[in-house]
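Student: show me how the following folds:
(chains A and B)
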Number of protein chains: 2
Amino acid sequence: MIENFVEFIKYADQLKQVKRKTFNYHEKVYENSGEHSWHLTLAVLTFSSLSNEKIDLLKCIKMALIHDLVEIDGGDQIIYAEDPDKFDRELKAAKKIFGMLPSELGDDLLETWIEFEKKESAEAKYVGSLDRFLPLYSNVLNEGHSWKTHNISKAMILDKNENAISSGSTEIWNFAKKCLNECEEKGLLKN
Amino acid sequence: MIENFVEFIKYADQLKQVKRKTFNYHEKVYENSGEHSWHLTLAVLTFSSLSNEKIDLLKCIKMALIHDLVEIDGGDQIIYAEDPDKFDRELKAAKKIFGMLPSELGDDLLETWIEFEKKESAEAKYVGSLDRFLPLYSNVLNEGHSWKTHNISKAMILDKNENAISSGSTEIWNFAKKCLNECEEKGLLKN
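Tutor: A predicted model of the protein is given here:
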């Protein structure tokens, strides 16, 4: 059994090599998906009183820890890309990864990953809201770096994020909107 | 309140800039303490059936997520260094960091951090065992890189890790010992 756990954690270590589209908050270095997963999980723990609905915190934390493991196979994609096959491709990767574990644990993590992707439960909505807010805030701190690089307008940001963030936490969305308005005033964001 | 959470998560992001002494598992790149914290937390979730004692998994996960935040002020130290003032210095840093949060949450995280440092509870021992095992296993996968760099012998590893790992999980320690013996046979580790 321990051999399975060790193989899993050895495989998972590769997530540190997947580069995201946004910078770390304090340096012009692309965040990797491993450190992002830590930062998100820490935010999930910290912001939990701001969830719109009552949540099971342990479930939320599990979601945040594992949500990006499928990127080891497929890489990170910007949320503004059109990719209709993404879920099917990532589901295949998820089955491979969580299939490395004893079935009870592996099945639980696979179900948790699917629940996060579906964004129907209170937990998935809350974790999803922070998964969108953190990279948005990286842009706020880094002069809109990934917005500029990928030619993203304020309208596109509102379209992709309003429901995704506000359905998990109205308070986080209000804060994000305030940040976006300030970025627009500073000319960091085109309308 | 949300401003406090955002300031905290912004401050915490700096942990990604703290370099550790060991490589990532699959590349000759020093691990940073942010991605290490994710990898440890994921291991805490995965290996939990191997804890010697019954544990509160949510408490363990909180410990793993926050255990290294104090390194933002003080940096990462190799476990083989003598440093009698480490706890007092890190406690000061912990009070500063967790003091950024509303008092109920901040006090809870400060207590959780202190509990981890004391290594008396079942949770602290279990998380501590993985916090020692993961870098040891990085050496196994990377030809003893940090052992060679810092002139660490097998006797020193046993002395520093046997109790720290076996008090949390006998099974993890047995696996670690097997790895150490194999490293010795391959000449990666001096006796």
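
Student: output the lowest mean pLDDT helix or strand found in chain A.
Tutor: Sorting the helices and strands of chain A by mean pLDDT, DSSP states H and E puts helix A:71-74 at the bottom, at a mean of 90.

Student: which residues sit against that one?
Tutor: A:11-12, A:14-15, A:18, A:33, A:86, A:89-90, A:93, A:96-97 (C-beta atoms under 8 Å, 6 or more residues apart in numbering or on different chains). Any C-beta I mention is one placed from the backbone N, CA and C, and that applies to glycine too.

Student: list the buried residues in it.
Tutor: Buried residues in helix A:71-74, defined by neighbour count with 16 or more other C-beta atoms under 10 Å in any protein chain shown: A:71-72.

Student: count of neighbours near the residue in chain A that chain B sits nearest to?
Tutor: Nearest residue of chain A to chain B: residue A:38, at 3.4 Å (C-beta to the nearest C-beta). Residue A:38: 29 surrounding residues under other C-beta atoms under 10 Å in any protein chain shown.

Student: just the strands in chain A please.
Tutor: Along chain A, counting by DSSP state E, strands occupy A:19-23, A:30-32.

Student: OK, contacts around residue A:6?
Tutor: Contacts of residue A:6 (C-beta under 8 Å, 6+ apart): B:137, B:175.

Student: skipping its backbone neighbours, what lies nearest the residue nearest in space to the middle of chain A in space?
Tutor: Centroid-nearest residue in chain A: residue A:131, 3.4 Å away (criterion: C-alpha atoms, centre = their mean). Spatial nearest neighbour of residue A:131, excluding adjacent residues (C-beta to C-beta, 6 or more residues apart in numbering or on different chains): residue A:40 at 5.8 Å.

Student: my read: the one you found touches residue A:63, true?
Tutor: No: taking contacts as C-beta atoms under 8 Å, residue A:40 lies outside contact range of residue A:63: 9.3 Å.

Student: burial count for residue A:83?
Tutor: With other C-beta under 10 Å as criterion, residue A:83 counts 11.

Student: what separation do you get for it and residue A:76?
Tutor: From residue A:83 across to residue A:76, the span is 12 Å (C-beta to C-beta, to the nearest Å).

Student: quick one on the thing from earlier: hey, what's in contact with both of residue A:40 and residue A:63?
Tutor: Shared contacts of residue A:40 and residue A:63, defined by C-beta under 8 Å, 6+ apart, are found at residue A:127.

Student: return the residues in contact with the residue nearest to residue A:131.
Tutor: Residue A:40 makes contact with A:64, A:67, A:127, A:130-131, A:134, according to C-beta under 8 Å, 6+ apart.

Student: out of the residues you listed, which comes closest to residue A:114?
Tutor: Residue A:114 lies nearest to residue A:67 out of the contacts of residue A:40, by C-beta to C-beta, at 10.9 Å.

Student: how about the closest one, nearest residue that isn't a chain neighbour?
Tutor: Closest to residue A:67 by C-beta to C-beta, 6+ apart is residue A:116, at 5.3 Å.

Student: my read is that the residue nearest to the centre of chain A contacts residue A:67, right?
Tutor: Yes: using C-beta under 8 Å, residue A:131 is in contact with residue A:67, at 6.9 Å.

Student: what's the pLDDT at residue A:79?
Tutor: For residue A:79, the pLDDT comes out at 84.

Student: what is the burial count for it?
Tutor: Each residue near residue A:79 was counted by other C-beta under 10 Å, and the total is 15.

Student: can you check residue A:32 too?
Tutor: The local packing of residue A:32 (other C-beta under 10 Å) involves 24 other residues.

Student: and for residue A:104?
Tutor: For residue A:104, using other C-beta under 10 Å, the count is 8.

Student: isn't the residue nearest to residue A:67 up against residue A:125?
Tutor: No: assessed by C-beta under 8 Å, residue A:116 is found out of contact with residue A:125, at 9.7 Å.

Student: and the contacts of helix A:71-74, which are buried?
Tutor: If we count by 16+ other C-beta under 10 Å, the contacts of helix A:71-74 have these buried: A:11-12, A:14-15, A:18, A:33, A:90, A:93, A:97.

Student: among those, which are within reach of chain B?
Tutor: Near chain B, taking C-beta under 8 Å from any C-beta of the partner chain as the test, the members of the buried ones among the contacts of helix A:71-74 found are A:12, A:14-15.

Student: of those residues, closest to residue B:55?
Tutor: Using C-beta to C-beta, residue A:12 is the member of these that sits closest to residue B:55, with 20.9 Å.

Student: can stretch A:138-150 be said to contact chain B?
Tutor: Yes: applying C-beta under 8 Å from any C-beta, one finds stretch A:138-150 touching chain B at residue A:141.

Student: show the end-to-end separation of that stretch, please.
Tutor: Terminal residues of stretch A:138-150 lie 15 Å apart, using C-alpha to C-alpha, to the nearest Å.

Student: and it, what's buried?
Tutor: Under the neighbour-count criterion of 16+ other C-beta under 10 Å, stretch A:138-150 has A:138-142, A:144-147 buried.

Student: what's the farthest-apart pair in those residues?
Tutor: A:141 and A:147 (12.3 Å).

Student: pull the longest helix from chain A.
Tutor: Criterion DSSP state H: the longest helix present in chain A is helix A:122-141.

Student: distance between that helix and the chain's centre?
Tutor: What separates the centre of helix A:122-141 from the centre of its chain is 7 Å, taken as C-alpha atoms, centre = their mean, to the nearest Å.

Student: quick one: mean pLDDT over that helix.
Tutor: 97.
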